[in-house]
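Chemist: Kindly return the folded structure for what I paste below:
(chains A, B, C and D)
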Number of protein chains: 2
Amino acid sequence: MDDEIFKALADPTRRSILDELTERSGQTLFEICSRLNMRHGLTMSRQAVSQHLAVLEKAGLVEIRREGRYRFHDLDPEPLRHLVERWTGPRTRENDT
Amino acid sequence: MDDEIFKALADPTRRSILDELTERSGQTLFEICSRLNMRHGLTMSRQAVSQHLAVLEKAGLVEIRREGRYRFHDLDPEPLRHLVERWTGPRTRENDT
DNA sequence: ACTATAGGCAAGTTTTCACTTGCCTATCAA
DNA sequence: TTGATAGGCAAGTGAAAACTTGCCTATAGT
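Modeler: Numbering: from 1, shown residues only, chains lettered A, B, ... in the order given. Below is the predicted model:
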């Protein structure tokens, strides 16, 4: 289960998508495409982005809701919160400088 | 820079290696090999493990120190601490239930 | 009804990654 | 100094992942 999350995070394009959705939630596929192009310098086909979104959805990091002919994408950062605690320990208070 | 860390974490064998080093720091290559085999059911060549360790070292997650003919491996969890904060926000206290 | 927009499906290609194989070097112990 | 142990290098293989291409479906506006 964590496996899908780590694999999803391994790709820089997918991380940029998460960045985009962090900044503006509920974007459509086309919006994400154009913003990846504009702001991250990524030029890739709509299908490529769609496939990335499918990976992110399977990992539970993005929720997709359909309305009419639009598909809106929302970030769900919940699965990320305790992801690396197995190596860092549960608390990081001593590092809060 | 983060890219190497995320890519390093994408492989389940490498995550098992981090688990092993979390439990017992300073293991040699052969120790890691046999413990991956014994405790994680992973049977793979020494070279494969060595390559994984190289990836982990490049990502800054493992430090390697040589003494005589031995090579000891230590975990450095520091780069992991704030890895996902760009999506979760800096604090997760409200989720400490 | 027709057209444009938003998205879906399913090959096929290319690149990247994990892993092996074979041989070589270095340290230590007898 | 011989042999055993710990590890290194580099080319090769196989499979998975990223991305494209071409065509199809569905919703909305006029």
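Chemist: What average pLDDT does the helix or strand hosting residue A:7 get?
Modeler: Taking DSSP states H and E as the definition, residue A:7 sits inside helix A:2-9. The average of the pLDDT scores along helix A:2-9 is 98.
Chemist: Are the helix or strand immediately after that helix in the chain and DNA strand C in contact anywhere?
Modeler: Proceeding C-terminally, helix A:2-9 gives way to helix A:12-23 as the next helix or strand, assigned by DSSP H and E. No: Helix A:12-23 is not in contact with DNA strand C by Cβ under 7 Å from any atom of the strand; minimum separation 9.8 Å. Where you see a C-beta, it was placed from the backbone N, CA and C, and this is true even at glycine.
Chemist: Tell me the helices and strands packed up against helix A:12-23.
Modeler: Counting by 3 or more Cβ pairs under 8 Å, 6 or more residues apart in numbering or on different chains; DSSP states H and E, the packing neighbours recorded for helix A:12-23 are helix A:29-40, helix A:46-58, strand A:62-67, strand A:70-75, helix B:2-9, helix B:85-88.
Chemist: mind checking which of the ones you listed is nearest DNA strand D?
Modeler: With Cβ to the nearest atom of the strand, the closest approach to DNA strand D among the helices and strands packed on helix A:12-23 belongs to helix A:46-58: 3.5 Å.
Chemist: For that closest one, C-alpha coordinates in CSV please.
Modeler: This file holds the C-alpha atoms of helix A:46-58, laid out as CSV (Å, rounded to 0.1, in the frame of the first residue of the first chain):
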residue,chain,number,x,y,z
ARG,A,46,-2.9,15.3,-22.2
GLN,A,47,-2.8,11.5,-22.0
ALA,A,48,0.5,11.5,-20.2
VAL,A,49,-0.9,13.8,-17.5
SER,A,50,-4.0,11.7,-17.3
GLN,A,51,-2.0,8.6,-16.7
HIS,A,52,0.0,10.4,-14.0
LEU,A,53,-3.3,11.4,-12.4
ALA,A,54,-4.4,7.8,-12.5
VAL,A,55,-1.3,6.8,-10.6
LEU,A,56,-1.9,9.5,-8.0
GLU,A,57,-5.5,8.4,-7.6
LYS,A,58,-4.5,4.8,-7.1
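Chemist: Right, I'll leave it there.
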